[in-house]
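1. My questions are about this predicted structure, shown below with the sequence.
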Amino acid sequence: MKILILEDDKERIKQFKWWAYQNHQLTIVSTVGDTISELEENEFDLLCLDHDLGQEVYVESTGKEETGYLVALWLAENPERKPEHIIIHSLNTVGRENMKAVLPEATVYPFVWMNTIEEIFQIGEKA
């Protein structure tokens, strides 16, 4: 499975890598620009999106801040580049809701609930 993850927290990145190290092709990026570049150039089975980036917390979804919300907006404008499964894993409740409003097909599954990549993928398939 090809997985793209937008995440900037070092501890979460370690956890994602640990979950996926054997069975999956994992690409982890920490900026909106890198995420969009990956989506333009490659196809992924699963996209996991964080909202707050740059070590910021509880950032608003203004469309001006460097957040996962900008990726959601880009995907809404470029639906042909959407992975089949999208999971919004941000802990920012308002940010998650704003991203879900733009990507209604996405599954909201906060990082603190995650146990394994397989579990996350199964949740994405059921959505």
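-> Yep, that arrived.
2. So what's the residue count around the closest residue to residue 92 other than its chain neighbours?
-> In this structure, residue 92 finds its nearest non-sequential neighbour in residue 51, 4.6 Å apart by CB to CB, 6 or more residues apart in numbering. All C-beta atoms are positioned from the backbone trio N, CA, C, and that covers glycine. The number of residues packed around residue 51, counting by other CB atoms under 10 Å, is 30.
3. Which pLDDT value goes with residue 51?
-> Residue 51 carries a pLDDT value of 92.
4. ok, and the closest non-adjacent residue to residue 78?
-> In this structure, residue 78 finds its nearest non-sequential neighbour in residue 39, 7.6 Å apart by CB to CB, 6+ apart.
5. Can you tell me how far that neighbour is from residue 99?
-> Counting by CB to CB, to the nearest Å, the gap from residue 39 to residue 99 is 15 Å.
6. where do the helices sit along the chain?
-> With helices called from DSSP state H, the chain shows them at 10-20, 32-41, 68-77, 93-102, 117-126.
7. Which positions within the fourth one qualify as buried?
-> So that's helix 93-102. 95, 96, 98, 99, 100, 102 (16 or more other CB atoms under 10 Å).
8. and what of the second one?
-> Neighbour counts using 16+ other CB under 10 Å place 32, 35, 36, 38, 39 of helix 32-41 among the buried residues.
9. At the geometric centre of the protein, which residue do we find?
-> Residue closest to the mean C-alpha point of the chain, counted by CA atoms, centre = their mean, is residue 49 at 1.5 Å.
10. Count residues in the vicinity of the residue nearest to it when sequence neighbours are not counted, would you?
-> Nearest non-adjacent residue to residue 49, counting by CB to CB, 6+ apart: residue 68, 4.3 Å away. By the criterion of other CB under 10 Å, residue 68 has 29 neighbours.
11. With the one 10 residues further on instead?
-> Here the count is done by other CB under 10 Å, and residue 78 has 12 residues near it.
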